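A.B. asks: Following is a predicted model, sequence given first.
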Amino acid sequence: MIRVLLVDDQHLVRAGLRMLCDSAADLTVVGEADNGRDAIRLAEQQRPDVVVMDLRMPGVDGITATSRILAHRPATRVLVLTTFGDDDHLYPALNAGACGFLLKDAAPPELLDGIRRAAAGDSPFSQEVLQRLVKRAVEAREVAVPQLEGLTSREQEVLELVGAGLTNADIAEQLHIGVTTVKTHITSLMAKTGSPNRVRLALLACRPGR
């Protein structure tokens, strides 16, 4: 059973997310918070596997809450649920340790799949969010890009497919290798490139001149 903590300052949004999670037999909502301070407290008390985190909240925001939650419970997966207008918060959330980003207009199956993938160690993100991140990185050069040295040919292939937004299962199918092998390559890529998460790897794969 995947333990989920819902964090959003809008009651209707939380209610909808709870109903969605309650409809899935493998998910259980262990708490709700309408601000970052309560989210930090509940994460410590309830020990969720996945925190579905809003970014803009009064008081302690989602970025600060993400950083503090992961400082105490690094195994917790924080999945940001954002809107088109939240681009200015995405980079700080990345640095805070968020594992993925989904848009608030995501279809219910996409959100449920995102929670499951986050719990399994994957990094779910909306393709639209990734494209916006890449565009800003290209235009503003705000992302420090590590050098691509020492990658094997297989790691380079995996990196390209991560940049295309493919899931681990999709990459495994395309390269005719196991999902566990894909995860091993991604872990190695993160270590070699200094990328803290999958989204940063995707940005790296899409950088100009590559």
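C.D. replies: Cool, the structure landed. Numbering: from 1, shown residues only.
A.B. asks: mind listing what's buried in the strand or helix carrying C21?
C.D. replies: Here C21 is covered by helix 11-22, with elements defined by DSSP states H and E. Residues of helix 11-22 classed as buried under the neighbour-count rule (16 or more other Cβ atoms under 10 Å) are V13, R14, G16, L17, L20, C21. (C-beta placed from N, C-alpha, C; glycine too.)
A.B. asks: any idea of the mean pLDDT for that helix?
C.D. replies: The average pLDDT for helix 11-22 rounds to 96.
A.B. asks: Can you give the strand pairings for the helix or strand that comes right after that helix, parallel or anti for each?
C.D. replies: In the C-terminal direction, the helix or strand that comes right after helix 11-22 (DSSP H and E) is strand 27-33. Sheet neighbours of strand 27-33, with direction, are listed as strand 2-7 (parallel) (DSSP bridges).
A.B. asks: contacts for the partner strand?
C.D. replies: Strand 2-7 is contacted by residues 14, 17-18, 21, 26-34, 36, 39, 42-43, 46-54, 57, 62, 65, 115-116, 119 when judged by Cβ atoms under 8 Å, 6 or more residues apart in numbering.
A.B. asks: 6 Å instead, please
C.D. replies: Counting by Cβ atoms under 6 Å, 6 or more residues apart in numbering, the neighbours of strand 2-7 from elsewhere in the structure are 14, 17, 21, 26-33, 39, 42, 48-54, 119.
A.B. asks: Can you get me a residue count around A25?
C.D. replies: Residue neighbour count, defined by other Cβ atoms under 10 Å, stands at 7 for A25.
A.B. asks: For it, give me phi and psi.
C.D. replies: phi -70, psi -20 (degrees, to the nearest 10).
A.B. asks: Please list all residues in contact with it.
C.D. replies: For A25, counting by Cβ under 6 Å, 6+ apart, there are no contacting residues.
A.B. asks: So which of the buried residues of helix 11-22 is the closest to S188?
C.D. replies: Proximity of the buried residues of helix 11-22 to S188 was ranked by Cβ to Cβ; the top entry is C21 with 33.4 Å.
A.B. asks: That's all I had, so thanks and see you.
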